[in-house]
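[1] how would this look folded up:
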Amino acid sequence: MLFTVLFLVSCGDELKIEPEQSLSIDASFSDENTSRASLNGVYSLSQDLDVFGAMPQIINDFMFDNVNFIGSFPTLQDVNNFATISDNLTTSGIFRDHYAAILAANSVVHFVPLIEDETFVQESRDEIVAEAKYLRAILYFNLVNLFAEPYLTDNGASPGLAIITVPDVLLEGAKTSSRNSVAEVYAQIEQDLMDAEAGLTDSADKYRATTVAASGMLSRLYLYKGDWDGVIRSANKVIDNAAYQLASNYDFYNTPSIEAVFSLNMSSIDNSATGSGGWANFYSPAPLGGRGDCPFDSTFLALHEEGDLRISNLTQESIEGPIKLLYTAKFPDAQNNSDDAPIQRVTEVHLNLAEAITRNNDAVEQSVIDILNPIRERAGLSTFSTDDFDDADDLLETILDERRKELAFEGHHRNDVLRTGAAPDNDKNILPIPQREIDLGSSLPQNPGY
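    Residues are numbered from 1 along each chain as shown. Okay, the predicted model is just below:
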């Protein structure tokens, strides 16, 4: 694991790099081209199955009943049954692979400013560093949501993660960092996103980090933190940009459409697939080439009104024995696993805004109804009026239900359940720090229940 890499030691302020490591650094960070290649490597590591390549997102949907996990992987069965142990190979892989990508991002942030090449202009350096900071931020955000208590549990006082912002070659021997608090991890994520927001371009490239992507992720961070003014401020930066608007129908999946804020682009040769599968392998039924591991849960189906196009237009059917199972059609390419990984859609940003306004004002606001109605109309459903809700709590329940239906199978549901305090009291709602870290003399305290 990354914390025990014995690449080099530090002596005071003087860094001692072994020749082999020096050659590797020189090759990776010699000019603009090698720097961009190293940045692309961070994107590639983020595509990994255990990062944004499906596994954490699938766990986030089956832990609290958007889907049922009926697959054969024992490690996922344990997570599904809240019987996880600290040496669970799947959760350990998630922890390891996120940090591998974080360390790669750290290398870009650290070494790009140090390159001695006059043709590598400052503007390009700043952009590359800002892009790496965005990626580091979403990696830490994904990880802290899986392995630590929600911020709102105790205002971020719980143990979070070890914050590491230097490359692996600068780690001090085998020394392992202790866990920073959730609040400290959130502060690091916020700073990286703010740096990215300021340093990136206003490009509408949905497959690269942009200033709008940073604003959108800040709206999610502030939502999870309970900073309603922050949500409103950041969400409006996205919504006010004409390149990021609600799509008129559901044909936007797997295309760089107006609906996407940021996605990881997958292809038949550059995707998250492993022997365990990818997005479509888990979410597609066997007759369509998938594993059929994650059909809809009955409670999820019961949320939908008759005629909801999110069911009729985005559903695949499979007969397994005498039972008809329904699966999402958001990720249909089980053959090549070329379905994009949806990191953020503009619909989520709208729903972030609707929730923040309602919680901030503790009232049923027409502005919130105006946010919800286009989402309802796209789903083929009747629209709301302020008279449909008794009070702010009634409206919040509807907003959270709309989040569950609209963002299903994209990795949001578990986080919404936990941050709103709606989860059953169970220590194993939070994933364990890998036992390997504890056994190697780590100073990372284990989560309760493990």
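[2] mind showing which ranges of the stretch 151-300 of the chain have poor pLDDT?
    172-177, 254, 275 (pLDDT under 70).
[3] What are the boundaries of the helices in it?
    151-154, 182-199, 211-225, 228-239, 279-283, 298-302 (DSSP state H, counting those that start in this stretch).
[4] which residues sit against the fifth one?
    When contacts are defined by CB atoms under 8 Å, 6 or more residues apart in numbering, helix 279-283 is touched by residues 53-54, 57-58, 71, 272-273, 289-291, 293-294, 327-328, 330-334, 337, 339, 341, 409. For every residue, glycine as well, the C-beta is placed using N, CA and C.
[5] Tell me the buried residues within these.
    Among these, those classed as buried by 16 or more other CB atoms under 10 Å are 53-54, 57-58, 71, 272-273, 290-291, 293-294, 327-328, 330-334, 337, 339, 341, 409.
[6] So which residue is dead centre in the protein?
    N142 (4.6 Å; CA atoms, centre = their mean).
[7] just checking, it touches H98?
    Yes - in this structure, N142 is within contact of H98 by CB atoms under 8 Å, at 6.6 Å.
[8] Return every residue with contacts to both of the two.
    Common neighbours of N142 and H98 (CB under 8 Å, 6+ apart) are V51.
[9] Let me see the mean pLDDT of stretch 128-145.
    For stretch 128-145, mean pLDDT rounds to 98.
[10] Can you point out the buried residues in it?
    For stretch 128-145, a neighbour-count test (16+ other CB under 10 Å) marks 128-145 as buried.
[11] same for whichever helix in the chain runs longest, what does it pack against?
    Using DSSP state H to define each element, the chain has its longest helix at helix 122-147. Applying 3 or more CB pairs under 8 Å, 6 or more residues apart in numbering; DSSP states H and E, we find helix 122-147 packed against helix 32-46, helix 55-62, helix 89-111, helix 182-199, helix 211-225.
[12] Distance to T165 for the ones you listed - can I get that in CSV?
    Formatted as CSV, the helices and strands packed on helix 122-147 follow (distance: least, CB to CB, whole Å):
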stretch, distance to T165
helix 32-46, 14
helix 55-62, 22
helix 89-111, 6
helix 182-199, 7
helix 211-225, 17
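[13] Tell me how far the residue nearest to the centre of the chain lies from A213.
    The span separating N142 from A213 equals 15 Å under the rule CB to CB, to the nearest Å.
[14] Please apply the same query to D370.
    Between D370 and A213 the computed distance is 25 Å (CB to CB).
[15] Also S35?
    20 Å.
[16] now swap in Y283 and tell me
    According to CB to CB, Y283 stands 24 Å off from A213.
[17] all strands for the stretch 301-450 of the chain, in order.
    Assigned by DSSP state E, counting those that start in this stretch, the stretch 301-450 of the chain shows strands spanning 315-320, 323-328, 341-345.
[18] so which of these is the most packed in?
    Each of these was scored by mean neighbour count; the highest is strand 341-345, a mean of 24, by mean count of other CB atoms under 10 Å.
[19] partners of that strand in the sheet?
    strand 260-264 (antiparallel) (DSSP bridges).
[20] I'd like to check what contacts the strand it pairs with. Which residues are they?
    Under CB under 8 Å, 6+ apart, the answer for strand 260-264 is 43, 46-47, 52-53, 206-210, 212-213, 216-217, 238, 244, 252, 256, 340-346, 348-349.
[21] What about T84, how many residues nearby?
    When neighbours are counted by other CB atoms under 10 Å, T84 registers 23.
[22] Of S35 and A213, which one has the most company?
    Higher neighbour count among S35 and A213: A213, with 28 against 24, using other CB under 10 Å.
[23] gap between V79 and Y450?
    13 Å.
[24] Looking at the two, which is more packed in?
    Neighbours were counted for V79 and for Y450 using other CB under 10 Å; V79 has more, 21 against 18.
[25] element containing that one, please.
    Using DSSP states H and E, V79 falls within helix 74-80.
[26] Quick check: buried residues in that helix?
    So for helix 74-80, counting by 16+ other CB under 10 Å, buried means T75, L76, D78, V79, N80.
[27] wait, what's in contact with the second one?
    So that's L76. Applying CB under 8 Å, 6+ apart to L76 gives the contacts I58, I59, F62, F69, T90, D293.
[28] G278 versus the last one, what's the distance?
    Read that as D293. D293 is 12 Å from G278, by CB to CB.
[29] now do the fourth one
    From F69 across to G278, the span is 16 Å (CB to CB).
[30] Who has more neighbours out of the two?
    Shown here are F69 and G278; by other CB under 10 Å, G278 has more neighbours (27 against 21).
[31] wait, doesn't that one sit right on S268?
    No - between G278 and S268 there is no contact under CB under 8 Å: 11.0 Å.
[32] Find the residues that touch each one of these two.
    With contacts defined as CB under 8 Å, 6+ apart, the residues shared by G278 and S268 are N337.
[33] if we can go back for a sec, tabulate the contacts of L76 (CSV), appending distance to K225.
    Output for those, formatted as CSV (distance: CB to CB, whole Å):
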residue, distance to K225
I58, 25
I59, 22
F62, 26
F69, 30
T90, 28
D293, 33
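[34] Nearest to D427 among the residues you listed?
    Distance to D427 across those (CB to CB) is lowest for I59, with 16.1 Å.
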